[in-house]
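1. Could you look at this predicted model? Sequence included:
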Amino acid sequence: MIGLIIMGLLAGIVTPFETAANTKAGKRMGHSLWGTFLSFSVGTIVLVFLVLIVDHGIHIPFEEVPYQPWWIWTGGIFGIIYVFGNIILMPKIGSMQTIIFPLLGQVTTGLIVDHFGLFRSNITYATPERIIGVVLVFVGVVLASADIKKRNAADAPAADVSDVSPSYTIAADTAPHKQNGFITWLWRLFGIFIGCISTTQIAINGYLGDVLGSSFLSALISFAVGTIGLIIIIAIVRPRFIMKKGDKVKTPWWMWTGGFMGAYVVFSFAYLAPLIGTGVLVIVSQLGMTLASVIIDHFGIWGSAVKRINALKVIGLILMIAGAVLINLVYMR
């Protein structure tokens, strides 16, 4: 069980780095759609090789397909919705709320999926300990994501929102454009919705892995469907492709790694969801994501603004760990 938790934790740790690489690639190529397409296409190629090596070929049990629900093939579409939902959301409500509201949707949906066994997942009832654990995790994320450092507007550098990930951009949380309260709450509800979408994708890919008998093949199909979906979107939107050149534009090596990290994350989710439950996986990965975000901020990794670890962030991480332990008590008995 400990090994599975560590694997889920690592998937969460990788996520902010993946998003940063995809965002940087999108900026370098002239549009976020191209950065996302690069990630999906590279991830698909990586997973093809892994399936050929590990599974000794791409073996789809076509005799089982007619007896399976149609939604098992939709994981990649949900992945596209989640990625672009975050891109749309951050300028509307700010990066801090872009973390909080999708998280609320993720953990709530995770509890519901496990409690009712949705998407043919194993049933794990929402006990009082699990509910308290979810609340602790949510409060912990809020505290760990908060930036209490005050700076004068004249001294603060302009935030390059296009060059950082909404998964860990806290101090650079610029105020969204002025809009009335009703519209703002509609965007917040949209944030909850894309959080629900993220957890749904995890549950779907987990069941698909069971049907196919391979988590690698499940991840490959999810990436392939996502890549095809992006090709259709790009054909409709027709974003301009500009590989920017010049001495002032640098192409860091890590901007090409998003697909590799994304392949690991999707595979891990497909593999772990049936084993530890969707809700537990969401919490554990969120703990890893927040931990990585705090480290990225503290050291200014990959060009992010430096925001030192403070007592509030430490308390937040402790609360998240306590919440994760409570949620996992059901597996420790």
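-> Looks like it came in fine.

2. from here on, contacts and neighbour counts on C-alpha atoms
-> OK.

3. Distance from the chain centre to stretch 46-60, please.
-> 24 Å (CA atoms, centre = their mean, to the nearest Å).

4. I'd guessed residue 201 sits against residue 75; true?
-> Yes - here residue 201 reaches residue 75: they are 4.9 Å apart, a contact under CA atoms under 8 Å.

5. quick one: which of these two has more around it?
-> residue 75 (28 against 24; other CA atoms under 10 Å).

6. and that one, how far is that from residue 114?
-> According to CA to CA, to the nearest Å, residue 75 and residue 114 sit 18 Å apart.

7. got the residue ranges for the helices in the protein?
-> 2-29, 32-54, 75-93, 95-116, 128-145, 181-212, 215-237, 258-276, 278-299, 311-332 (DSSP state H).

8. closest to residue 61 out of those helices?
-> Closest of the helices of the chain to residue 61 is helix 181-212, at 6.5 Å (criterion: CA to CA).

9. Where does pLDDT dip in the stretch 201-333 of the chain?
-> Across the stretch 201-333 of the chain, the ranges flagged by pLDDT under 70 are 244-250, 302-305, 329-333.

10. if we go to 80?
-> Residues of the stretch 201-333 of the chain meeting the criterion pLDDT under 80: 243-251, 297, 300, 302-307, 324-333.

11. Residue 68: how many residues sit nearby?
-> Residue 68: 12 neighbours (other CA under 10 Å).

12. Can you report phi and psi for it?
-> phi -100, psi 150 (degrees, to the nearest 10).

13. Relative to residue 200, how far out is it?
-> In terms of CA to CA, residue 68 sits 17 Å off from residue 200.

14. Which among the helices of the chain is found nearest to residue 62?
-> Nearest to residue 62, of the helices of the chain and by CA to CA, is helix 181-212 at 9.4 Å.

15. what helices or strands is the closest one leaning on?
-> Under the contact definition 3 or more CA pairs under 8 Å, 6 or more residues apart in numbering; DSSP states H and E, helix 181-212 sits against helix 75-93, helix 95-116, helix 215-237, helix 258-276, helix 278-299.

16. Take these and write them to JSON lines, including distance to residue 16.
-> Listed next are these as JSON lines, based on distance: least, CA to CA, whole Å:
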{"stretch": "helix 75-93", "distance to residue 16": "12"}
{"stretch": "helix 95-116", "distance to residue 16": "12"}
{"stretch": "helix 215-237", "distance to residue 16": "18"}
{"stretch": "helix 258-276", "distance to residue 16": "10"}
{"stretch": "helix 278-299", "distance to residue 16": "6"}
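
17. Who are the contact partners of residue 212?
-> Contacts for residue 212 (CA atoms under 8 Å, 6 or more residues apart in numbering) come out as 59, 60, 61, 218.

18. hmm, back to that, for residue 35, which of the helices and strands packed on helix 181-212 is the nearest?
-> Nearest to residue 35, of those and by CA to CA, is helix 258-276 at 8.9 Å.

19. Okay, buried residues for the closest one please.
-> 258-274, 276 (16 or more other CA atoms under 10 Å).

20. Distance-wise, check the residue lying closest to residue 121 once chain neighbours are set aside relative to residue 45.
-> Leaving aside its sequence neighbours, residue 121 sits nearest to residue 274 (CA to CA, 6 or more residues apart in numbering; 6.3 Å). Remark: distance between residue 274 and residue 45 (CA to CA) = 25 Å.

21. which parts of stretch 203-215 are buried?
-> 203, 204, 205, 206, 207, 208, 209, 211, 212, 214, 215.

22. next one: stretch 75-88 to chain centre, how far?
-> On the basis of CA atoms, centre = their mean, stretch 75-88 is displaced by 9 Å from the centre of the chain it belongs to.

23. same deal with stretch 22-38?
-> On CA atoms, centre = their mean, the centre of stretch 22-38 falls 17 Å from that of its chain.

24. Please work out the average pLDDT along that stretch.
-> Per-region confidence: stretch 22-38 scores 84 on mean pLDDT.

25. mind checking the end-to-end distance for that stretch?
-> Start-to-end, stretch 22-38 (CA to CA) is 8 Å.

26. Alright, calling it a day.
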